[in-house]
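S.K.: Sharing a model that was predicted from the sequence below.
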Amino acid sequence: GAVVSQHPSWVICKSGTSVKIECRSLDFQATTMFWYRQFPKQSLMLMATSNEGSKATYEQGVEKDKFLINHASLTLSTLTVTSAHPEDSSFYICSARDGRNVDSIYNEQFFGPGTRLTVL
Amino acid sequence: AQSVAQPEDQVNVAEGNPLTVKCTYSVSGNPYLFWYVQYPNRGLQFLLKYITGDNLVKGSYGFEAEFNKSQTSFHLKKPSALVSDSALYFCAVRDYGGTALIFGKGTTLSVSS
């Protein structure tokens, strides 16, 4: 089946530093990748949608200058949390979809295992 | 706007009993409906989806879900619960031609032995 990986799985950083999270589709080409944020015992909140080679589309209330998303290839997207602060601590989950054929089985999204970010 | 409602924060069942986790949706056009399960500190695992066809969808780990268009519901069911089914369950929706999934708030399933 389709596999999505994330790296790192857990990161602790000091306030003010930047953290990069990688999301990779391992066995399919991800034309679209999504970044979600999840607070403890809460639902996933969509942060942004990125299509390969294009600028990401951010959801309302998400600061694009703080959460930099790059989707430079069909297998890799990165989320960089710039100048991280304790309130950015969260569980970040990416997902990927091959949207080239709207009727294909790969129309569904496949999720990475998540990255736990703790900002001290 | 698309939305998904999971009216129960928590569902408690005894092992061996049937379980139901409720989900209702609101979407323009025909919906694509999904159920995912999440274990602590893990990503989401796909259980099943409804795109078209039979209203009863069978998925992973013995789960199934029934699509009811008139009630705009897509409840998750399992005939006999296992302790290992204890987890956080999310219902999600995406309308045809849409992109990202919109998730419900999640329902914690607790199965006691």
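M.R.: Structure received. Numbers count the residues shown, from 1 in each chain, chains lettered A, B, ... in the order given.
S.K.: Strands of the chain, residue ranges please.
M.R.: I went with chain A, as the question did not name one. Along chain A, counting by DSSP state E, strands occupy A:4-7, A:10-13, A:19-25, A:32-38, A:44-51, A:57-58, A:67-73, A:76-81, A:90-97, A:110-111, A:115-119.
S.K.: other chain: chain B
M.R.: B:3-5, B:10-14, B:19-21, B:24-26, B:31-38, B:44-50, B:56-58, B:64-68, B:73-78, B:87-95, B:102-103, B:107-112.
S.K.: For chain A, what lies in contact range of chain B?
M.R.: Proximity of chain A to chain B (C-beta under 8 Å from any C-beta of the partner chain) is limited to residues A:4, A:6, A:32, A:34, A:41-44, A:46, A:49, A:91, A:93, A:95, A:97, A:99, A:102, A:107-114, A:116. To be clear about C-beta, it is placed using only N, CA and C from the backbone, and glycine gets the same treatment.
S.K.: which intervals of the chain have sub-threshold pLDDT?
M.R.: All of this refers to chain A. A:1, A:99-107 (pLDDT under 70).
S.K.: ah, no, chain B please
M.R.: B:95-98.
S.K.: now with 80?
M.R.: Within chain B, the stretches with pLDDT under 80 are B:1-2, B:29, B:41-42, B:95-100.
S.K.: Give me every residue in it lying close to chain A.
M.R.: Residues of chain B lying near chain A (C-beta under 8 Å from any C-beta): B:32, B:34, B:36, B:41-46, B:49, B:51, B:88, B:90, B:97, B:99-106, B:108.
S.K.: give me that answer again for 6 Å
M.R.: When proximity is defined as C-beta under 6 Å from any C-beta of the partner chain, chain B approaches chain A at B:42-44, B:49, B:99-101, B:103, B:105-106.
S.K.: Make TSV out of those residues and add neighbour count and distance to A:Gln60.
M.R.: Listed next are those as TSV, based on neighbours: other C-beta atoms under 10 Å in any protein chain shown; distance: C-beta to C-beta, whole Å:
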residue	neighbour count	distance to A:Gln60
B:Arg42	16	28
B:Gly43	24	25
B:Leu44	28	23
B:Lys49	19	27
B:Thr99	15	15
B:Ala100	22	13
B:Leu101	26	17
B:Phe103	22	16
B:Lys105	17	19
B:Gly106	23	22
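S.K.: from these, which two are the most distant?
M.R.: B:Arg42 and B:Thr99 (23.8 Å; C-beta to C-beta).
S.K.: Quick one: buried ones out of the residues of chain A next to chain B?
M.R.: Buried residues within those, counting neighbours by 16 or more other C-beta atoms under 10 Å in any protein chain shown: A:4, A:6, A:32, A:34, A:43-44, A:46, A:49, A:91, A:93, A:95, A:97, A:99, A:107-114.
S.K.: which residues touch stretch A:20-39?
M.R.: For stretch A:20-39, the external contacting residues (C-beta atoms under 6 Å, 6 or more residues apart in numbering or on different chains) are A:2-7, A:44-52, A:71, A:74-80, A:90-100, A:112, A:115, B:100.
S.K.: Quick one: residues contacting the closest residue to B:Arg42 other than its chain neighbours.
M.R.: Nearest residue to B:Arg42 in three dimensions, chain neighbours excluded: A:Pro113, at 5.9 Å (C-beta to C-beta, 6 or more residues apart in numbering or on different chains). By C-beta under 6 Å, 6+ apart, A:Pro113 lies in contact with A:6, B:42-43.
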